[in-house]
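Asks: give me a 3D structure for the following:
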Amino acid sequence: MLTSLLQSTPYHPASQAVDDAENNSVTPVKSPLRVGGLEKRQNQWHRWSQDIIPALVEPYLQYLEASQSPCSGLEEIEINACPCRPAPVCLMQHGLFASSPVAPTLAVDLRVLEFLKKLFVRLTPNTTAWCEALESFLDGQGYKLQLKDSLRQRFSNAYHWYTVLTVYVEDHVAALVHSFASPSAEQVLGFQPSGYLQSCCPLCFGASDFQREKSAQDDLDCIVCLDACFTQKRNNNPRNTATHDPTNPTNTVFIPESEVKAMECFVEKQRGLSSRQHTLAEGQQREDCVEDGMKVPTSVLDGCRDSFHAADEKRKKASTQFFADTGLMALLCHHDRVLWLDNMTSAGEKQHYALVLLKHLFDNLPATMTVGLLYDIGCHLERSCRKWKLLEDGILSRLKFGISVFHAYGHQWPCQIVYHPRKCAGFGLSDGEGCERLWSSLKRLIPTLRVSGYHQRLFVLDNQIRHNHEKSYAALGQWLNKKWSLCKSKKSVALENLHALHVDMQTLQSEWAAQVESQTQPLPRQSKNKGSELLAHILALEKTVQGYKSHVEQLEQDLVNDRVTDIIDYNLQLASVQGSLAKADQALKQKKMAPTHTNAKALKIQIRERLCQRKFELERLEQSYQNSVNENHLHSHVESSIKRQEPAISKLVTTYNTLCGELLGMIRLSRAPPGAIPPTPIPSKGLFQLDVDSDIWQDVGLGEGLPDPPRWLADEDVRKGIRFMLEVDRCNEEERRLSRERTILQEWFAVEWHHVQVALACNADQLTEEESQNCSSDDEDLVSEGLLIATEEIALVEEDYMGQESEEQFTEDEDWLEDIGEGYLPSSPLRSPAKRCRR
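Replies: The predicted model follows:
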């Protein structure tokens, strides 16, 4: 009706403008040749509000009056159901889905269910609101439902089982297609990842030979990220709802609860000592050292553990008293595709959840495949795995730990230069924040899943993740193109800045290795009486210097009074005393600068801690998704508190910069030892950004003076060159990875296309055999030889007639098949025409 109306009364903008001008309803506006977006929206809004809406009132009322009859559009369908052919099967043939398996009282059109299935993966799934709106709409059309909630219960049941059917059919078709393809030798011998991983991400695990394109030794075969989310909780229902929420017959990305529990028992067994004994054992170890297999000292790891809540397993992030399920932990590849999920039931982020995910990953990988793991507390996880033997040595030798980019600011600087993906070889430009993007895509499910059943919650999450996978399949090529362009632009800028410094790459590489070795050394043993010892040492040095000065004066006086008998011996003695005096004077200056150095370094550490705390508070504020009125007041209070902390941090920075000026003055007045480097002041601009390459992380000039300081510490060009060199290295790694993934994507598509062609060919052969068997059985029923000959003649005549009709169509199909055989890959597979059976 709408189409016919539009065809009968076409709209002409020019004539409409003339009519409006004549009626003086709208002042005609002379539009320029090119109208801007804002002006266009304003003109449209004006026309809608002033012309179109008032003109539609009367036609709309006429339409409502004409459409009051509730009898239009009704159609009766009669079905015959029996035990061997139940009602849902009969309804399916009419395009309807039953609400119950035996005697359904409601059937829903498949197109409506498919529309809802696509809608509820983009909006918050809410069948209750949908059914209430539908009941209200039907009531307005004259269809009154007598029972309360009669539509909601039946419609929800039909929608749920239709979703189960679509998932079941997708898995069945995929398994059927791959069942016709014979496995390769690499798959049989275990030289390739499992079929499950290949289906999860073809770019990471779909290569026919994952070591073929590996050109650099430090390149990792795949990169994954790991993180937990405590907003995806489920309320603790006091009633036993297990019978009302049975399992669904579909595949899931969640690891079984029994395997998670087994890993928890294994971790507790491996640790052996109780938490109290472990704490006492650590307290007795005062000497800072580097543990076996680690690259940073224990003092740095302890500082990272104190900075992060995730490292503290005892910290409660969700109450088990009110929540049955406290959160989720996910393992994703660096293309943001989910590999496995853990359903968390503990109050804290315990390590056995991460370990069971890693165990599943390596169980599905070849024995030589290397993996890079990015985790918020990757340093602490590696320390636990090596200390308590939580993972096998064969796994640890192939696993490279790192920390995600967003959470790197909370780690100590020595930890960052070892675990940061922009400074650690092999990670390219991966940021490790795929889990954060996953939690953002699932945030709309938080209110619904908070009150759902256990298995229903897992099913909804599985359905959403399946939709995310289907959505990202079509964008894999775009993803590669986007990453390639970003990598090229970053590399060109870094190379330009690197060439402007005029420092060769070998120098930068050697200086970076020296910096890593120097800044990851264990700290000296701490003393409780360090201040008293320093003061006593300074007094002793002053006495020593005074003694050497008196000795020099005595020697000079002997020379003046002509009491020197041997001038050669006198010169040697004077040179020795003067050398000792110079060394003692240098040591005294160094010790006198120590308090200022100590105060400046303590201030800088305090500034770093304050900035990290502020960053954590802002992160908590930004990640709050569902806010009530009270929570909004709380978050506004938190935001104002964070703003109030900024003057205190700025005051600390001012005090620190004052101490830096004092140290610079001591160096200029020669009151500092030779080779002393002035510390770099902290600029107020960009103070709260916490860039990983900022000078606030490096304690340049705050250590003891060196007679010959290294270039990575004293040369500004070398320090900048190291940053640019690392960026170029990561861009080169990213280029190699993207080139490899481009090849893998083409190979994977070719293999999948071959599987589809084989499956179609096998299906066509099976249909031909069935038709031949039916033909032969029909021939056996013919008793008379004359009747058999007559039947054959009639069949040949009919076949010749049908062949003439479809000769042109068969020719086109054969041309398509020839093109496919020559390597042409159309956008969708074509089914070969069925062959006829000659009788």
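
Asks: so L738 touches C487, yeah?
Replies: Yes - at 6.8 Å, L738 counts as touching C487 under the criterion of C-beta atoms under 8 Å. No exception for glycine: its C-beta is placed from N, CA and C like everyone else's.

Asks: where's Q509, which helix or strand?
Replies: helix 505-519 (DSSP states H and E).

Asks: how about D227?
Replies: Here D227 is assigned to strand 222-229, by DSSP H and E.

Asks: in that strand, what's buried?
Replies: By 16 or more other C-beta atoms under 10 Å, the buried positions in strand 222-229 come out as C222, I223, V224, C225, L226, D227, A228, C229.

Asks: contacts only, for the fourth one.
Replies: It refers to C225. 331-334, 373-375, 404, 430, 432-435 (C-beta atoms under 8 Å, 6 or more residues apart in numbering).

Asks: narrow the residues you listed to those in strands?
Replies: The strands, defined by DSSP state E, take in L331, L332, C333, L373, L374, Y375 from the contacts of C225.

Asks: could I get those residues in CSV, plus columns for neighbour count and pLDDT?
Replies: Output for the ones in strands among the contacts of C225, formatted as CSV (neighbours: other C-beta atoms under 10 Å; pLDDT from 0 to 100):
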residue, neighbour count, pLDDT
L331, 26, 97
L332, 25, 97
C333, 21, 96
L373, 25, 97
L374, 29, 96
Y375, 26, 95
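
Asks: biggest separation within those residues, which pair?
Replies: Spanning the widest gap among the ones in strands among the contacts of C225 are C333 and Y375, at 14.0 Å by C-beta to C-beta.

Asks: now the buried residues of strand 222-229 in a markdown table, with distance to E268 and pLDDT?
Replies: A markdown table is the format used below for the buried residues of strand 222-229 (distance: C-beta to C-beta, whole Å; pLDDT from 0 to 100):
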| residue | distance to E268 | pLDDT |
| --- | --- | --- |
| C222 | 30 | 94 |
| I223 | 30 | 96 |
| V224 | 25 | 97 |
| C225 | 26 | 96 |
| L226 | 21 | 95 |
| D227 | 23 | 94 |
| A228 | 19 | 93 |
| C229 | 24 | 93 |
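
Asks: closest to I53 among the residues you listed?
Replies: C229 (45.8 Å).

Asks: make sure T448 is indeed in a helix.
Replies: Yes - T448: assigned to a helix according to DSSP: H, G, I helix; E, B strand; the rest coil.

Asks: from what I see, it and P125 are in contact.
Replies: Yes - if you go by C-beta under 8 Å, T448 and P125 touch, sitting 5.9 Å apart.

Asks: ok, these two, which is more surrounded?
Replies: Taking neighbours as other C-beta atoms under 10 Å, T448 and P125 compare with P125 leading, 23 against 16.

Asks: host element of the more buried one?
Replies: Per DSSP H and E, there is no helix or strand for P125.

Asks: give me every residue that touches it.
Replies: P125 neighbours (C-beta under 8 Å, 6+ apart): L445, T448, V460.

Asks: from L301, how far out is the second one?
Replies: Computed as C-beta to C-beta, to the nearest Å, the T448 to L301 distance reads 40 Å.

Asks: what do you get for E556?
Replies: 57 Å.

Asks: who has more neighbours, the two?
Replies: Neighbours were counted for E556 and for L301 using other C-beta under 10 Å; L301 has more, 23 against 11.

Asks: test my guess that the more buried one contacts H380.
Replies: Yes - using C-beta under 8 Å, L301 is in contact with H380, at 6.5 Å.

Asks: between the buried residues of strand 222-229, which is closest to R398?
Replies: Using C-beta to C-beta, the buried residues of strand 222-229 come closest to R398 at C222, 10.6 Å.

Asks: what residues are up against that closest one?
Replies: C222 neighbours (C-beta under 8 Å, 6+ apart): C204, F205, C333, H334, M369, T370, V371, G372.

Asks: can you add distance to N732 and give the ones in strands among the contacts of C225 back as TSV?
Replies: Putting those into TSV (distance: C-beta to C-beta, whole Å) gives the following:
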residue	distance to N732
L331	27
L332	24
C333	21
L373	21
L374	19
Y375	25
